[in-house]
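Asker: everything below, folded, please.
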Amino acid sequence: MRVHVTDLKPGDLLKNDIYNTSGLHMLMKGSVLSEDDISKLLQHGIDFADVEQSSNLHSNEQNLPSDQTRLLTNLFNDTIKGTESLFQEALEKGFIDESQVDEIVSTLTGQLEKQKDVVSLLLMLDGDIDYTYNHSLQVGMLAFYIAGWMGYSPEECLTVAKAGYLHDIGKSKIPSEILHKPGKLTTEEFAEMKKHTFYGYDIIKASTEDEVIAMVALQHHEREDGSGYPHGLRGDEIHPYARITAVADVYSAMTTNRVYQTKQELISVLCELYSLSFGQLNGEATQELIKHMLPNFIGKKVLLTTGQTGVIVMNNPADYFRPLVQTSTAFIDLAKERDIAIVEIYVQ
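Answerer: Predicted coordinates:
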């Protein structure tokens, strides 16, 4: 089947050899196309290619099947309810039930191991549920994935997920009028807010006696350049799990609606994280997040600043954070059309 190069997808099988306009042999018949191959064809001005079309070719394989969506939706709702009860317990008693935490995290990660499309998971959590509980779930989830991408063992990944999930448990001790204040915090209020790191450490130590997980709660606002809090630690002074959790925390916070901040679009936040990885956030953890998230955007429906809707068809080799989008009437290369941007990415 003859397909325009912008409609090619990784995994397509070439039916014929491909040559450029100068007669140079580029790709061999029978090659299974990769994203780099498609980028190469675009760069050399190749317009069409003959490919073997399988039954599911060009279906939106990046989206989750409906039965998985229902299962995960129920799991996320149950997790958020469990998180709310843990925060209430921490507020009233000063400790939490570790067995409940272990059950929540074990059940959650057991399902996450089966999922590769992290973008769809985040889009499923893009609702009006209480920010703090939703955020705890997102950070635990992202920390789990980042640790796995960095090569940590399954046992270590589970610990990182648990630490990420509990990183903000200290906010249970922050007065609601500060935690949910729609405007900017005063100097005094921000000083109180920062105490959630100490509160979290104390709650976790009282509940689990796990120094590492407690340390993540204490250190997740520390920054590589020493600009963070509460102790202004730098680089390797920060626990590796806290460095992972910091990346997950910042990404989730910037992509979620809050009382004082409107969420930002997922890809543009990855671009901001890339900048932060040269000073504030751990470079390796940030790079792993970016590298594994970007392919998940292919096939996602988007809204552009022009009011048009379209589908991301390719990550752009010239600018990974400005992909190629196919609308009903045209292909829009956001790396070239700098005045056009993605406003929102939709779950389908």
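
Asker: any idea of the mean pLDDT for the longest helix along the chain?
Answerer: Scanning the chain for the longest helix, with DSSP state H as the assignment, gives helix 66-93. Mean per-residue pLDDT for helix 66-93: 92.

Asker: helix or strand right after that helix?
Answerer: helix 98-112 (DSSP states H and E).

Asker: report all helices and strands that that next one contacts.
Answerer: Using 3 or more CB pairs under 8 Å, 6 or more residues apart in numbering; DSSP states H and E, the elements in contact with helix 98-112 are helix 66-93, helix 131-149, helix 154-165, helix 196-208. All C-beta spots, glycine's among them, are computed from the backbone N, C-alpha and C.

Asker: any stretches of the stretch 201-348 of the chain with poor pLDDT?
Answerer: When residues are selected by pLDDT under 70, those of the stretch 201-348 of the chain lie in 257-262, 348.

Asker: re the thing from before, now the helices and strands packed on helix 98-112 in a markdown table, with mean neighbour count and distance to Glu265?
Answerer: Shown next, in a markdown table, are the helices and strands packed on helix 98-112 (neighbours: other CB atoms under 10 Å; distance: least, CB to CB, whole Å):
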| stretch | mean neighbour count | distance to Glu265 |
| --- | --- | --- |
| helix 66-93 | 16 | 21 |
| helix 131-149 | 24 | 16 |
| helix 154-165 | 23 | 23 |
| helix 196-208 | 21 | 28 |
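
Asker: between the ones you listed, which gets nearest to Gln287?
Answerer: Minimum separation from Gln287 across those (CB to CB) falls at helix 131-149, 9.4 Å.

Asker: mind giving me the packing neighbours of that closest one?
Answerer: By 3+ CB pairs under 8 Å, 6+ apart, helix 131-149 packs against helix 66-93, helix 98-112, helix 118-124, helix 154-165, helix 240-254, helix 283-293.

Asker: for the stretch 201-348 of the chain, just list every one of the strands.
Answerer: Remark: strands assigned in the stretch 201-348 of the chain by DSSP state E, counting those that start in this stretch are 301-304, 309-316, 319-327, 331-333, 342-346.

Asker: among the ones you listed, which is nearest Gln280?
Answerer: Closest approach to Gln280 among the strands of the stretch 201-348 of the chain is made by strand 319-327 (18.2 Å; CB to CB).
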